[in-house]
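**Q** just to be clear, the model below is a prediction. Sequence and coordinates:
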Protein chains: 2
Amino acid sequence: MSAAVPIPARAMAEIGIESRPGHLIRRCHQIAVALFLDHCAASDLTPMQYALLKAAARHPGADQITLAGHAAIDRSNAARLAAGLEARGLLRRAVDPADRRARRLTLTMAGAALLGDAEAAVQAVQDDLLAPLAAEERVIFLAALRKIADHHNHASRAPLLPPRPPNTGRMSSGIKGRRVLF
Amino acid sequence: MSAAVPIPARAMAEIGIESRPGHLIRRCHQIAVALFLDHCAASDLTPMQYALLKAAARHPGADQITLAGHAAIDRSNAARLAAGLEARGLLRRAVDPADRRARRLTLTMAGAALLGDAEAAVQAVQDDLLAPLAAEERVIFLAALRKIADHHNHASRAPLLPPRPPNTGRMSSGIKGRRVLF
DNA sequence: GCCAAATAATCCCTGTGCTGATTATTTTGC
DNA sequence: GCAAAATAATCAGCACAGGGATTATTTGGC
């Protein structure tokens, strides 16, 4: 209704879903997940679990919300993932004595060991994924992905992670703070 | 453990998740979905529902499995989606008299109308998504996505779509083929 | 001090994506 | 022709992804 717009919708309709960026991204995501699960079957980690563990490794003792931000996971999912990882003995969740609402996450020895073991497999996934691309193509492809992710970061339902090196000149009004920045 | 592999895992571990292709693809996918839902709120369509409707529009009367293949959706999900779309009156599922196991899907008038209304919004999503990329970048980016999706199509848990024309009247071995390739 | 706003975490609900099992139907092997 | 294999669809179940409401706790206004 209300198709007052003078756009040649007919032409668009002929384009075909399989060349649309959104559709291609979805398929690539499916593939990336499948490759990850195959390569990391030994560690029994999903991509999200890996991402959260990795974030915990880089920011030990941070609270769930912060870690979720670093891994681009929403807080609901982060809570579930953290609970699962804690049950598997890979993560410890300690109530922050200074703010008893927050849970500070730290890797256990087992978690750190598993993460270490998984690194090679995870790297293999990335190599596999990009296998069909030539070297220069990879650079452009990754830069493009990053541009899209950064540009639309605000639009993502999944929260943003404090992306850039936070030492953006004068950091946030007054705080001389040492942002953690891994 | 058993890190008998002489790989500098230390170095990899420092790379940081946010530059890994898999992670970037995941974020781009989240973004694409979010943009789609925003732009298409009026039609109340999800990306998958749109994909299935679109496939039904292009191959009217095809069975669910075939359509699922064209949309790169697995059959379970296709069944759920089709049931929902039928309940909304957008799709008709008729038992194939020639093979009573199969359900042939066709758009209803309402479904075709909704699809038509959604086209402009869907196109806007794609434009939005690629907005941060320059024209030449887009070409390379899309080509790269397609290469990855095609190369790993077999590895995808989500089935592949048969890129071949359905009238495979033999032309499968010596094919002079007419790839659709719009 | 005390009530209200803000915040960390959790829970419930919907939808996606896939696996494996089950059912109905067709095709096939004999 | 009939039992066995194959196939289309469905269903049950798990994990992911996100939204919105709820709870516990802290902080801020007064």
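**A** Good, I have the coordinates. Residues are numbered from 1 along each chain as shown, chains lettered A, B, ... in the order given.

**Q** all contacts plus neighbour counts: C-alpha atoms, from now on.
**A** Noted.

**Q** what residues does chain A put near DNA strand D?
**A** Contacts of chain A with DNA strand D, taken as Cα under 7 Å from any atom of the strand, map to A:45-49, A:72-74, A:76-77, A:81, A:97-101, A:156-158.

**Q** now, which of those lie within strands?
**A** Using DSSP state E, the subset of the residues of chain A next to DNA strand D located in strands is A:99-101.

**Q** got those as CSV, with distance to B:L107, neighbour count and pLDDT columns?
**A** Compiled in CSV, those are given as follows (distance: Cα to Cα, whole Å; neighbours: other Cα atoms under 10 Å in any protein chain shown; pLDDT from 0 to 100):
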residue, distance to B:L107, neighbour count, pLDDT
A:D99, 56, 9, 87
A:R100, 55, 10, 88
A:R101, 51, 10, 88
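
**Q** the residues you listed: which ones sit near DNA strand C?
**A** Checking these against DNA strand C (Cα under 7 Å from any atom of the strand), the matches are A:R101.

**Q** redo the ones in strands among the residues of chain A next to DNA strand D as TSV? Include distance to B:S19.
**A** Formatted as TSV, those follow (distance: Cα to Cα, whole Å):
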residue	distance to B:S19
A:D99	32
A:R100	34
A:R101	32
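
**Q** quick revisit: just the ones of the residues of chain A next to DNA strand D in helices?
**A** A:47-49, A:76-77, A:81 (DSSP state H).

**Q** of these, buried ones?
**A** The neighbour-count criterion (16 or more other Cα atoms under 10 Å in any protein chain shown) marks A:47-49, A:81 among those as buried.

**Q** quick check: the farthest pair among those?
**A** Spanning the widest gap among those are A:P47 and A:L81, at 10.9 Å by Cα to Cα.

**Q** give me the distance between A:D96 and B:I17.
**A** 26 Å (Cα to Cα, to the nearest Å).

**Q** quick check: which ranges of chain A have low pLDDT?
**A** A:1-15, A:156-182 (pLDDT under 70).

**Q** do you have the helices of it handy? List them.
**A** Using DSSP H, helices in chain A cover A:9-13, A:21-39, A:47-58, A:64-71, A:75-87, A:109-130, A:135-151.

**Q** same for the second one, what does it pack against?
**A** Looking back up the chat, that one is helix A:21-39. Judged by 3 or more Cα pairs under 8 Å, 6 or more residues apart in numbering or on different chains; DSSP states H and E, helix A:21-39 is in contact with helix A:47-58, helix A:109-130, helix B:21-39, helix B:109-130, helix B:135-151.

**Q** can you redo the ones you listed as a markdown table with distance to B:L53?
**A** Below are the helices and strands packed on helix A:21-39 laid out as a markdown table (distance: least, Cα to Cα, whole Å):
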| stretch | distance to B:L53 |
| --- | --- |
| helix A:47-58 | 30 |
| helix A:109-130 | 30 |
| helix B:21-39 | 15 |
| helix B:109-130 | 7 |
| helix B:135-151 | 22 |
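
**Q** rewinding a little: now the buried ones among the ones in helices among the residues of chain A next to DNA strand D as TSV including distance to chain B?
**A** Shown next, in TSV, are those (distance: Cα to the nearest Cα, whole Å):
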residue	distance to chain B
A:P47	8
A:M48	9
A:Q49	12
A:L81	17
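
**Q** which bits of chain A sit near DNA strand C?
**A** A:26, A:30-31, A:34, A:63-66, A:75-76, A:79-80, A:82-83, A:101-104.

**Q** repeat the analysis, applying 6 Å as the threshold.
**A** With Cα under 6 Å from any atom of the strand as the criterion, chain A meets DNA strand C at residues A:30, A:63-65, A:75-76, A:79, A:101-104.

**Q** among those, which two are most distant?
**A** Within those, A:Q30 and A:R101 form the most distant pair, 35.8 Å apart (Cα to Cα).

**Q** how close does A:G116 sit to B:A34?
**A** Taken as Cα to Cα, the span from A:G116 to B:A34 is 33 Å.

**Q** circling back: just put the ones in strands among the residues of chain A next to DNA strand D in CSV and tack on distance to chain B.
**A** Compiled in CSV, those are given as follows (distance: Cα to the nearest Cα, whole Å):
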residue, distance to chain B
A:D99, 28
A:R100, 29
A:R101, 28
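
**Q** circling back to that earlier point, any quick ChimeraX command for the buried ones out of the residues of chain A next to DNA strand C?
**A** Selecting only the buried entries of those in ChimeraX, with 16+ other Cα under 10 Å as the criterion:
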select /A:30,63,64,65,75,102,103,104
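
**Q** quick check, nearest of the residues of chain A next to DNA strand C to B:V122?
**A** The closest of the residues of chain A next to DNA strand C, once distances to B:V122 are taken by Cα to Cα, is A:Q30, at 20.8 Å.

**Q** quick check: that closest one touching B:S156?
**A** Yes: the pair A:Q30 / B:S156 is scored as a contact, 6.3 Å apart, by Cα atoms under 8 Å.

**Q** nearest residue to A:A56 in space, please, no chain neighbours.
**A** If the residues on either side of it in the chain are set aside, A:A56 comes closest to A:T106, at 6.0 Å by Cα to Cα, 6 or more residues apart in numbering or on different chains.

**Q** count the neighbours of the nearest residue to A:C40 once chain neighbours are set aside for me.
**A** Once flanking residues are discounted, A:C40 sits nearest to A:A121: 5.9 Å by Cα to Cα, 6+ apart. Number of residues near A:A121 (other Cα atoms under 10 Å in any protein chain shown) recorded here: 20.
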